[in-house]
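Visitor: next comes the sequence, and after it the predicted model I'd like to discuss.
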Amino acid sequence: MILRLERRLAPASSPRAIFFANAAAIVAALVVGGLLFLPFHVSPLTAYADLVGEAFFTARGFGYTVTEAAPLILVGLGTVFAWRSGFAYLGFQGALLVGAVVSTWLALQIGASLPFALFLPLALALSFAAGGAWSGLVGFARARLGGTEVLVSLMMNYVAALLVQYLVTGPMRADGDLPQSALLPRSTWLPIILDGTRANIGIFVALVAAVIVGLVLRGSVVGYELIVTGLSPRAARFGGIDVSGRTLLSSVVCGGLGALAGPVEVLGNQHRLLDGVGEGLGFVGIVAALLGKLTVVGTVIASVLYGGLTVGGNAMQRHSGLPSSVILVIEALIVLLVLASDLLRSWRIVFVVRQAA
Amino acid sequence: MALPLAPASAADLKVALVLPGSISDGGWNQQAYEGLKKLEAKGGFATKLSENVKQSDIPQVVRGYADDGFDLVIGHGFQFGSLFMEIGGEYPKTKFFGTTFAPKGDVPPNVMFVNTRPYDVAYGMGALAALLSKKGGVGLVGGGDNPTQQNMSKLFKIGAEATVPGLKAYAVVTGDYNDASKGRETALTMIGNGADVITHTADLTGIGAIKGAAEKGVTVMGAFSDQTSLAPTLMATSIVNDNAAIVTMVGDMAKAGTFQGGKEWAPDLAAVWYPKYKDAEYNSAEVSPETWAKFKAIWADLAAGKIDTGKYLK
């Protein structure tokens, strides 16, 4: 008996097929990853029970999971918005940092004297605007001058990281302390939504943003024009769509969304600006959007799963003493196999039994 | 009738070590891990480890161990200072030890920090460098930009210039622990300005400084571990920092009930820092016995607190 791949007549695109392909990919990743546990004399079953149990079935763990997920959702939404409209933006880490700087500055300047109900919308609006201007620069360059936004946006991440480094070692540094800003006033911290956990209202910010992005992309003329622009700029131009205007809009909104992850991380988690804040979130968020197949709902689900993987991975390391690299390998396997699982939607595996002659 | 003692099997003290880096970094994190292994080998300790914990995940990991009922959680680095201050009160049954200075404010009674006396050490390094200098110039290449490094630089200069009046001491906080070429350039600049003894307080940056100085043929001094192999003939000595000893001592204190919660613990200088060159204290080809005796006298005064480095930092 041999295995063979056979092309399907039409790609299986029913929700059921998508669910099973993804589930199969995750299970396969866990099975392969489980082999890595054996040299450490750890049972994969107990370890995975720790992972899933802590991340999703304890109040404390789930609180951390949604806290981890919130910035990923926001960066993921930015990715969906940009990539669906054909703008391959990779500068979310930089946008996040810009949002973090702006909201830290606001909190330190006037945060203590403003009621939170006023402060939060102001902080989010300012971060969105600053992040939008940051990424809009890249969009402007692409729309007016042509060239590739991929490299420019990637390089802008370094500019933002060095800017933060400059600020926390220079003008924003707390006296006589490590290179970091002063602690933000307590009244500006995102309130906890579940007693006894660290879950804060950052997740609501992310979910509201998800609803708005979903409505704009699926239910508005602008959203339609953006998606057509992404699918085929030439067809869009032929249809009378202002392609470079839409690209510019997309570039501004995607950076704005990514920048919202900054206040969520700074006001919700760190409570101060420091070098290395939100490390890697701007890239993991892109991965979450890809895992969610660039859909809003998929991105939210993938972000929560990814957040759970981080939290559960930490629990697994605490309980079983596995090296952290094993957990990173499993995370990477899940990402690779889920992305590869698309194959199963246009191809099927068939078992061929050889007939005796 | 004997008094009831603690139950034998449950007497194992549950100790967790949380590391910001990798257990194979050859320095700060690896040494603490070796200390944890020594505790485990002693018997009476059940240990767990989390390595490579990102700053944003630290609260989650530390609270996880506390919720799991660990007796002692050791956070190895400055990253744990404000966190332990914040959460200590929530977990009165768990002891927390941070390998860092106590932050400002009241330390909770179950939280202990440590003054490993880096400023005394920096003063001593300055004194030894000054004693070894023939041309009247010495240099220290520092690491990341933080108050500890800045104060160490300051005390290196004070120690050197107080030991040999008229000598010129250079100290630069490079802002980076892991940039060997930056360390090398800094050392070469110091040598160009007349320094003929180079040492450091940085990890990889410091290794670059030692290698650069060795190319120029000047005397070098290692730091944190025995760095003789970097420049076997030019190395005078290395001032070794024994982080493993800190971890084992804290474990023993928690077990014996002498854990000094609410305080900044100050261990004996000799228990955590000592000079080392291969199997000896110093390289007799670079250092004369008379010079070494002078240094040891200063070192002893530092250990006994007769030289008060604290007064320079106020």
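Guide: Perfect, thanks for sending it.

Visitor: elements contacting the host helix or strand of B:G208?
Guide: Assigned by DSSP states H and E, B:G208 belongs to helix B:204-215. Using 3 or more Cβ pairs under 8 Å, 6 or more residues apart in numbering or on different chains; DSSP states H and E, the elements in contact with helix B:204-215 are strand B:137-142, helix B:180-192, strand B:197-200, strand B:219-224. For glycine as for every other residue, the C-beta is placed from the backbone atoms N, C-alpha and C.

Visitor: among these, which comes closest to chain A?
Guide: Among the helices and strands packed on helix B:204-215, the nearest to chain A by Cβ to the nearest Cβ is strand B:137-142 (13.6 Å).

Visitor: circling back: using JSON lines, please lay out the helices and strands packed on helix B:204-215 together with distance to chain A, mean neighbour count and mean pLDDT.
Guide: Listed next are the helices and strands packed on helix B:204-215 as JSON lines, based on distance: least, Cβ to the nearest Cβ, whole Å; neighbours: other Cβ atoms under 10 Å in any protein chain shown; pLDDT from 0 to 100:
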{"stretch": "strand B:137-142", "distance to chain A": "14", "mean neighbour count": "31", "mean pLDDT": "96"}
{"stretch": "helix B:180-192", "distance to chain A": "14", "mean neighbour count": "21", "mean pLDDT": "96"}
{"stretch": "strand B:197-200", "distance to chain A": "20", "mean neighbour count": "30", "mean pLDDT": "97"}
{"stretch": "strand B:219-224", "distance to chain A": "20", "mean neighbour count": "26", "mean pLDDT": "94"}
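
Visitor: rebuild these as a markdown table, extending it with distance to B:I74.
Guide: Formatted as a markdown table, the helices and strands packed on helix B:204-215 follow (distance: least, Cβ to Cβ, whole Å):
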| stretch | distance to B:I74 |
| --- | --- |
| strand B:137-142 | 26 |
| helix B:180-192 | 29 |
| strand B:197-200 | 26 |
| strand B:219-224 | 19 |
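
Visitor: between these, which gets nearest to A:G240?
Guide: Judged by Cβ to Cβ, the one of these that comes nearest to A:G240 is helix B:180-192, at 56.1 Å.

Visitor: what about the closest residue to chain B within the stretch 101-250 of chain A, neighbour count?
Guide: At 4.9 Å from chain B, A:L178 is the closest residue in the stretch 101-250 of chain A, using Cβ to the nearest Cβ. A:L178 has 21 neighbouring residues, counting by other Cβ atoms under 10 Å in any protein chain shown.

Visitor: how about A:I18?
Guide: Residues near A:I18, counting by other Cβ under 10 Å, number 18.

Visitor: now the one 3 residues further on
Guide: Burial measure for A:A21: 17 neighbouring residues, criterion other Cβ under 10 Å.

Visitor: got the contact list for the spatially most central residue of chain B?
Guide: What sits nearest the mean C-alpha location of chain B, by Cα atoms, centre = their mean, is B:N241, with 4.9 Å. When contacts are counted by Cβ atoms under 8 Å, 6 or more residues apart in numbering or on different chains, B:N241 touches B:31, B:116, B:121, B:223-225, B:272-273.

Visitor: will you turn those into JSON lines that also has distance to A:A130?
Guide: JSON lines is the format used below for these (distance: Cβ to Cβ, whole Å):
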{"residue": "B:Q31", "distance to A:A130": "43"}
{"residue": "B:T116", "distance to A:A130": "42"}
{"residue": "B:V121", "distance to A:A130": "44"}
{"residue": "B:A223", "distance to A:A130": "42"}
{"residue": "B:F224", "distance to A:A130": "41"}
{"residue": "B:S225", "distance to A:A130": "45"}
{"residue": "B:V272", "distance to A:A130": "46"}
{"residue": "B:W273", "distance to A:A130": "47"}
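
Visitor: and of these, the nearest to chain A?
Guide: When these are compared for distance to chain A (Cβ to the nearest Cβ), B:T116 wins out at 16.8 Å.

Visitor: then the closest one would be within a helix, right?
Guide: No - B:T116 is assigned coil when assessed by DSSP: H, G, I helix; E, B strand; the rest coil, not a helix.

Visitor: what sits against it?
Guide: Residues near B:T116 by Cβ under 8 Å, 6+ apart: B:99, B:241, B:246, B:267, B:272-273.
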